[in-house]
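Asks: Model the structure of this input:
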Amino acid sequence: QVQLVESGGGLVQPGGSLTLSCAASGFTFSRYAMTWYRQAPGKERDQVASISRFAGNPSYADSVKGRFTISRDNAKNTVYLQMNSLKPEDTAVYYCNARRNMPTGGIDDYWGQGTQVTVSS
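Replies: Residues are numbered from 1 along each chain as shown. Predicted coordinates:
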């Protein structure tokens, strides 16, 4: 049974920090690129940060560059999102995604249930 379980969300003041975790099970984690997305109320789900299978080539949305850091530990089947200098506009539900281009040409795609991050004074 495939599972992606996010944790670490919560309420934080502007300028504060949070670290999100996404624990994976039920599939070979190291074969999948991992991405964090977020969705604010009334808005589309946007990509925040992505990391390749062996932790190379991290990429970030312009809005979080220099403030957020994505990392992964393949031994622990976990991906992280360190969020610093948080702003009210970072408030959203954050989702973890695992994605793999299959040799057959298809795509394997898994999602977590999301964790709420609220940045407010």
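
Asks: Tell me, how many residues neighbour the residue nearest to Met102 when sequence neighbours are not counted?
Replies: Spatial nearest neighbour of Met102, excluding adjacent residues (Cβ to Cβ, 6 or more residues apart in numbering): Asp108 at 5.7 Å. No exception for glycine: its C-beta is placed from N, CA and C like everyone else's. Counted with other Cβ atoms under 10 Å, the neighbours of Asp108 add up to 13.

Asks: For Asp108, give me its contacts.
Replies: Contacts for Asp108 (Cβ atoms under 8 Å, 6 or more residues apart in numbering) come out as 27, 32, 98-100, 102.

Asks: could you redo these as CSV and give each row pLDDT and distance to Ser52?
Replies: Below are these laid out as CSV (pLDDT from 0 to 100; distance: Cβ to Cβ, whole Å):
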residue, pLDDT, distance to Ser52
Phe27, 96, 16
Tyr32, 96, 10
Ala98, 98, 12
Arg99, 96, 11
Arg100, 95, 11
Met102, 86, 16
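
Asks: quick check, nearest of those residues to Gly56?
Replies: For the contacts of Asp108, the closest approach to Gly56 (Cβ to Cβ) belongs to Tyr32, at 13.9 Å.

Asks: hang on, isn't that closest one packed against Asn97?
Replies: No - judged on Cβ atoms under 8 Å, Tyr32 makes no contact with Asn97 at a distance of 9.0 Å.

Asks: if we can go back for a sec, let's see which of the contacts of Asp108 end up in strands.
Replies: 98-100 (DSSP state E).

Asks: Highest neighbour count among those?
Replies: Of all those, the most densely surrounded is Ala98 (22 neighbours; neighbours counted as other Cβ under 10 Å).

Asks: Let me know whether that residue touches Thr78 as I believe.
Replies: No - look at Ala98 against Thr78 with Cβ under 8 Å: they stay out of range, at 11.5 Å.

Asks: overlap in contacts of these two?
Replies: Shared contacts of Ala98 and Thr78, defined by Cβ under 8 Å, 6+ apart, are found at Ala24.

Asks: in the sheet, who's paired with the residue nearest the centre of the chain?
Replies: Taking Cα atoms, centre = their mean, the centroid of the chain lies closest to Trp36, which sits 2.4 Å from it. Following DSSP bridges, Trp36 is listed with bridge partners Ala49, Cys96.
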